[in-house]
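1. need coordinates for the following:
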Amino acid sequence: MRKTISLFLFVVGFNSFSQNKAVLYDFAGLPQTLLLNPGLETNYKYHIGVPLLSGFSTDIGITGFTVSDVFAIDNASISDKISAVLQNLDNADYLKINSQIEVFSAGFRWDKKTYISFGFYQELDAIVYFPKDFITLFNEGNSAYLNKNFNISQLVFKLDLSGVLHAGITKKVSDELTVGGRFKIYSSALNIESTNNTGTFTTSLGSNNIYVNQLNNINFNQRSSGIVAENENTNDSTTFLKNTFLGDNSGVGLDFGLTYHINPQLQFSGSILDVGFVHHKKNIKNTAVEGSFVFEGIEFEYDSSRSYWQELDATLKEQIVTSENQESYISWRPTRINTAIKYSFGEKRSKFCYDNISKDFYTDAFGVQLYSIFRPISLQFAATGFYEKSFSKKMHAKVTYTVDDYSYSNIGVGVSFQLWKINFYGILDNVLELSDISKANGFQLQFGFNLLFN
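-> Prediction:
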């Protein structure tokens, strides 16, 4: 497990790409926007992503507290800070990490109305909900919480490390409408998840002893694949990375998207991403814990040779049964939805595109984007207002303001420029917190290089 956690931290640190890409969505016609909506318009003949550098970024989000709330240097003790955090913490608060790196990507124009894009990326998606009841129990003990039910249902987490081989098509149906779709093959290298747990732990006053501790209707499950191979823990990082490409634990998914011009200046776009699943069938280790148990202390007998702790352990294992199996299972992908409406204005300019036809565009635009993602406990939402500016045909900027679970004051900025055929883009989110990142609930950085041929 220690080596697995080390690998997890390695992947988080180096293979990172955000999931809600509010700044990147429909920005400057970048090829990476097709991964957010395969129905967005493109104006080049073909593109080639610089291997391992076309899409590289990181996004970590936490709700309920920040690092500074616990480790800030002030006059308060760390125990007082932890207690204050626990007071404000909710069992729906969580730590989320989504990461992705494009290994390769490319695309080409099939005809004047059709663009084909394809590639392969590695993705890590992890979410851990904070089990407030059990953090409180371990931190403060149970004597102050008599008759309180500590809920097992708060133990919810999911982690996926996978590779995604994909191919998409973007079709211009008319001057107003462009549609697109993308087919994906998922290869899971590592999956750990636990959801839908039930049961409680309760301490109350006893009749034969001071306290009675009860485990009631415990039903805890954990499913995993990729951790164990031939009854031994997998601890080689190269094995995990190898299994991200057409591995044994595989699945399929689809993306759909569209762009519709209501009029020459008003545009609507939307997409639904990762409608799919992974079938885990190799290197499986599932654990289930079920049962109920009541403990009111041990009545010791003097001059007795009984092994009390062994008897207690045997009774506990008899009533709280732990079992393991290697049964295959299905893991659903976290489906995402994007919608946006954009109004373009400003100076009207012309540019020559792939078909040598002069096309008009406006130098300025503003609009609103909505985002949601399906998570184990509930849907998560984000709303973004944005403003775009084109300084020239090859230099663009975008500023966003996002409201989500992490912040009500998230300002993001993005720039894209092209020199000859080389395009570079860089995106920075939550810029107001850069002076002290420990006080931020989220941070996002993205950049990449592409070769664009008009």
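2. just the helices in the stretch 351-454 of the chain please.
-> Assignment of helices within the stretch 351-454 of the chain using DSSP state H, counting those that start in this stretch yields no ranges at all.
3. can you pull out the low-pLDDT segments for it?
-> Flagging of the stretch 351-454 of the chain using pLDDT under 70 yields the residue ranges 351-359.
4. what ranges do the strands span in it?
-> 358-374, 379-392, 395-403, 410-419, 422-429, 442-453 (DSSP state E, counting those that start in this stretch).
5. could the ones you listed go into JSON lines alongside distance to N217?
-> Using the backbone N, CA and C atoms, a C-beta is placed for each residue, glycine as well. Converted to JSON lines, these look like this (distance: least, CB to CB, whole Å):
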{"stretch": "strand 358-374", "distance to N217": "28"}
{"stretch": "strand 379-392", "distance to N217": "28"}
{"stretch": "strand 395-403", "distance to N217": "39"}
{"stretch": "strand 410-419", "distance to N217": "42"}
{"stretch": "strand 422-429", "distance to N217": "43"}
{"stretch": "strand 442-453", "distance to N217": "37"}
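6. with distance to K81 and mean neighbour count added, can I get the ones you listed in CSV?
-> Converted to CSV, the strands of the stretch 351-454 of the chain look like this (distance: least, CB to CB, whole Å; neighbours: other CB atoms under 10 Å):
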stretch, distance to K81, mean neighbour count
strand 358-374, 31, 16
strand 379-392, 27, 16
strand 395-403, 27, 19
strand 410-419, 25, 18
strand 422-429, 27, 20
strand 442-453, 21, 20
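7. just the helices in the stretch 201-350 of the chain please.
-> 237-242, 308-319.
8. for the last one, give the mean pLDDT please.
-> In other words, helix 308-319. For helix 308-319, mean pLDDT rounds to 80.
9. likewise stretch 35-47?
-> On average, stretch 35-47 scores 93.
10. C-alpha coordinates for it, PDB please?
-> Output of stretch 35-47 as PDB, limited to C-alpha atoms (Å, rounded to 0.1, in the frame of the first residue of the first chain):
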ATOM      1  CA  LEU A  35     -11.900  16.900 -26.000                       C
ATOM      2  CA  LEU A  36     -14.300  19.100 -24.200                       C
ATOM      3  CA  ASN A  37     -16.800  19.300 -27.100                       C
ATOM      4  CA  PRO A  38     -16.300  17.300 -30.300                       C
ATOM      5  CA  GLY A  39     -18.900  19.600 -32.000                       C
ATOM      6  CA  LEU A  40     -16.800  22.800 -31.700                       C
ATOM      7  CA  GLU A  41     -15.700  24.400 -35.000                       C
ATOM      8  CA  THR A  42     -12.100  24.100 -36.400                       C
ATOM      9  CA  ASN A  43     -10.400  26.300 -39.000                       C
ATOM     10  CA  TYR A  44      -7.300  24.400 -39.900                       C
ATOM     11  CA  LYS A  45      -6.300  21.600 -42.300                       C
ATOM     12  CA  TYR A  46      -4.600  19.400 -39.700                       C
ATOM     13  CA  HIS A  47      -2.900  19.500 -36.400                       C
END
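11. the residue nearest the centre of the chain: which element?
-> Centroid check for the chain by CA atoms, centre = their mean gives N98 as the closest residue, at 3.5 Å. Using DSSP states H and E, the element containing N98 is strand 94-111.
12. got it, and S83?
-> helix 78-88.
13. wait, what's in contact with K398?
-> Counting by CB atoms under 8 Å, 6 or more residues apart in numbering, K398 makes contact with V23, F27, A28, F386, Y387, E388, K389, G412, V413, G414, V415.
14. swap that for V212, please
-> V212 touches T203, S204, L205, G206, V294, F295, E296, counting by CB under 8 Å, 6+ apart.
15. model confidence at the closest residue to G206 other than its chain neighbours, what's the number?
-> Closest residue in space to G206, ignoring its immediate chain neighbours: V212 at 4.0 Å, by CB to CB, 6 or more residues apart in numbering. Looking at V212, its pLDDT reads 90.
16. report the separation between V212 and Q310.
-> Distance from V212 to Q310, counting by CB to CB, to the nearest Å: 22 Å.
17. go on, D160?
-> 40 Å.
18. neighbour count winner among the two?
-> For D160 and Q310, the more surrounded residue by other CB atoms under 10 Å is D160, and the numbers stand at 23 against 9.
19. now do the end-to-end distance for stretch 433-442.
-> Taking CA to CA, to the nearest Å, stretch 433-442 runs 9 Å from one end to the other.
20. contacts for that stretch, please.
-> 59-63, 66-68, 71-72, 404-407, 410, 428-430, 443.
21. again, 6 Å this time
-> The contact list for stretch 433-442 (CB atoms under 6 Å, 6 or more residues apart in numbering) reads G61, I62, T66, V67, S68, Y406, S407, N430, F443.
22. residues contacting the fourth one?
-> This means V67. Per CB under 6 Å, 6+ apart, neighbours of V67: S438.
23. so it versus I60, what's the distance?
-> From V67 to I60 the distance is 11 Å (CB to CB).
24. kindly report the same for the fifth one.
-> For S68, the distance to I60 equals 15 Å [CB to CB].
25. neighbour count: those two, which is higher?
-> In this view S68 and I60 are compared by other CB under 10 Å, and I60 has more residues nearby, 19 against 15.
26. tell me the SS of the more buried one?
-> strand (DSSP: H, G, I helix; E, B strand; the rest coil).
27. what bridges to it?
-> I60 has the following beta-bridge partners by DSSP bridges: I97, F443.
28. report pLDDT for it.
-> So, for I60, pLDDT stands at 82.
29. again, but for the one 3 residues further on
-> Confidence at T63, expressed as pLDDT, is 90.
30. one more: G270?
-> The score at G270 is 97. That number is its pLDDT.
31. so how many other residues sit close to it?
-> 18.
32. ok, now how distant is the nearest residue in space to it that is not next to it in sequence from I127?
-> Spatial nearest neighbour of G270, excluding adjacent residues (CB to CB, 6+ apart): T339 at 4.3 Å. Separation of T339 from I127 (CB to CB) stands at 23 Å.
33. the more surrounded of these two?
-> I127 (22 against 15).
34. quickly list what A288 is bridged to.
-> N221, S323.
35. give the contact list for the nearest residue to G346 once chain neighbours are set aside.
-> Nearest residue to G346, sequence neighbours excluded (CB to CB, 6+ apart): D364, at 3.5 Å. Shown in contact with D364 (CB under 6 Å, 6+ apart): F345, G346, K389.
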